[in-house]
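1. predicted structure and sequence below. I'll ask about it afterward.
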Amino acid sequence: MTARSIPRMLHPGAWWIWALGMATAASRTTNLVLLALILAVVALVVAARRGSAPWARGFKYYLYLALIIIAVRVVFRVLLDAGAGTTELFTLPELPLPEAAAGIRIGGLVTAEAVVSAVREGLRLATLIICIGAANVLANPKRLLASVPPALHEVAVAVTVALSVAPQLVVSAQRVNRARRLRGDVGRRTHVLRDIVVPVATDALDRSLMLAAAMDSRGHGRARAVSVATNRAITLSVVVGLGCLCVGTYASLDATLGWALAAPMLGAGLALSGVGLVLSGRRVDITRYRPDPWSWPETAVATCGVLVAGAVFWLAGNDPAAINPSPSQLGWPTAPAIAMCAVLLGALPAVLAPRLPETALPAGRSAHP
């Protein structure tokens, strides 16, 4: 049997690399067609490969958040600065402001160019949120913690707890709604703060405290004693490595310095930082029970995200007018065929990822194709 034919959960790192690749591609374009296509690809993969865990059923909440982001972006643009352009839609009553607020306008003329620009910017931010939400839905952030290097374990714990806030709120909201249905409160007049917000926040806080207690009982945050020389070597390598990375990054962005300085500084910075991570990893004792395997399906899924991001980056540099159209273009949105094909590569994980185990599938779905 191949690595894909065996039902199993995909490595969470592969899902995060894929999702970050899709988010990176979305951040480089304001083309409505490409953004809508990225959303469709992400939704397809989530529908095909999400599990049955409570946090895996929260994708719709990210969609709600995305709609709110677009609406807020458009409303603020209409109220504050919607006069750019020549195609007049309507005129709002304008609020007079003192001279100290020169350059700020509330109300007034609203043009189609300003509204379209607000929709593009709002849709881009909404797409970023949905891509990150897809990673939270497809990958268990707690399993990702077991895959980080020992030196980054403490940082990874903090990042994992932060990333699990949104899924935990989704789970708490589902528990509160289920309890309200059992009590027969559905359909009655609801006090949002008292009946929903406070119970959800309390449940999430209680579960976070239980997680903190469990982590403390398992020894999280305890460091192994190392020699003074090792501590000095760790500090020196990390500080010098970060300094080299800063210089190399600046040199790569400055056209007068070029890669003659940037390449060696970036290489030295990565090498020294790697040495520091290896040495600092000796201070942390970690035991891993049944670590997630990394096989060719993980590589294929991660590669799809990287290819999508790389293709959109390349197209943004070679055909910027198509990837980031001018707000003055009010015609039917179009996109280059090569860009659309590149984004469609992001849908391959729906097929390349291994089938989920029967116990991890949502009700009504089968692991058999």
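-> Good, I have the coordinates.
2. just checking, next helix/strand downstream of the helix or strand hosting Gly269?
-> Using DSSP states H and E, Gly269 sits in helix 259-280. Toward the C-terminal end, the helix or strand that comes next after helix 259-280 (DSSP H and E) is helix 296-318.
3. pull out the buried positions in that following helix.
-> In terms of neighbour count (16 or more other CB atoms under 10 Å), helix 296-318 has its buried residues at 297-298, 300-305, 307-309, 311-313, 315-316. C-betas here are computed from N, CA, C, even on glycine.
4. now do Met265: how many residues are near it, please.
-> Met265 sits with 21 neighbouring residues when counted by other CB atoms under 10 Å.
5. what residues are up against it?
-> Under the criterion of CB atoms under 8 Å, 6 or more residues apart in numbering, the contact partners of Met265 comprise Cys244, Leu245, Val247, Gly248, Ala251.
6. any idea of the pLDDT on it?
-> The score at Met265 is 87. That number is its pLDDT.
7. how about it: what's its closest non-neighbour residue?
-> Nearest residue to Met265 in three dimensions, chain neighbours excluded: Gly248, at 3.4 Å (CB to CB, 6 or more residues apart in numbering).
8. that neighbour belongs to a strand?
-> No - assignment of Gly248 by DSSP: H, G, I helix; E, B strand; the rest coil gives helix, placing it outside any strand.
9. retrieve the pLDDT associated with it.
-> In this model, Gly248 is scored at 84, pLDDT.
10. OK, contacts around it?
-> Leu261, Ala262, Ala263, Pro264, Met265, Leu266, Gly267, Ala268, Gly269.
11. just give me the neighbour total for Asn31.
-> Considering only other CB under 10 Å, Asn31 is surrounded by 26 other residues.
12. give me phi/psi at the residue lying closest to it once chain neighbours are set aside?
-> Residue nearest to Asn31 in three dimensions, not counting chain neighbours: Ala335, with 5.2 Å by CB to CB, 6+ apart. The phi and psi torsions at Ala335 (degrees, to the nearest 10) take the values phi -150, psi 150.
13. my read: Ala335 touches Leu35, true?
-> No - counting by CB atoms under 8 Å, Ala335 sits too far from Leu35 to count as a contact (9.5 Å).
14. so which of these two has more stuff around it?
-> Just comparing Ala335 and Leu35: by other CB under 10 Å the higher neighbour count belongs to Leu35, 23 against 20.
15. which ones are touching the closest residue to Trp15 other than its chain neighbours?
-> Distance criterion CB to CB, 6+ apart; nearest residue to Trp15, sequence neighbours excluded, is Ala139 at 3.9 Å. Neighbour list for Ala139: Leu10, Pro12, Gly13, Trp15, Trp16 [criterion: CB under 8 Å, 6+ apart].
16. for Val301, same thing?
-> Counting by CB under 8 Å, 6+ apart, Val301 makes contact with Leu10, Ala14, Trp15, Ile17, Trp18, Leu348, Pro349, Leu352, Ala353.
17. what's the helix or strand for the spatially closest residue to Ala84 that is not a sequence neighbour?
-> Across the structure, with CB to CB, 6+ apart as the measure, the residue nearest Ala84 apart from its sequence neighbours is Ala114 (5.2 Å). For Ala114, the element it lies in under DSSP H and E is helix 112-138.
18. from the contact counts, what lies against that helix?
-> Packed against helix 112-138 by the contact rule (3 or more CB pairs under 8 Å, 6 or more residues apart in numbering; DSSP states H and E) you find helix 12-27, helix 32-49, helix 59-80, strand 88-95, helix 165-183.
19. let's see 6 Å
-> For helix 112-138, the contact count by 3 or more CB pairs under 6 Å, 6 or more residues apart in numbering; DSSP states H and E identifies helix 12-27, helix 32-49, helix 59-80 as packing neighbours.
20. which stretch among those comes nearest Ile129?
-> Nearest of the helices and strands packed on helix 112-138 to Ile129, taken as CB to CB: helix 59-80 at 5.5 Å.
21. follow-up on the earlier one: how far is the helix holding Gly269 from where the chain is centred?
-> The offset between the C-alpha centroid of helix 259-280 and the centroid of the whole chain comes to 27 Å, using CA atoms, centre = their mean, to the nearest Å.
22. one step back: who wins for neighbours among the contacts of Val301?
-> Scoring these on neighbours with other CB under 10 Å, the highest-scoring entry is Trp18 at 32 neighbours.
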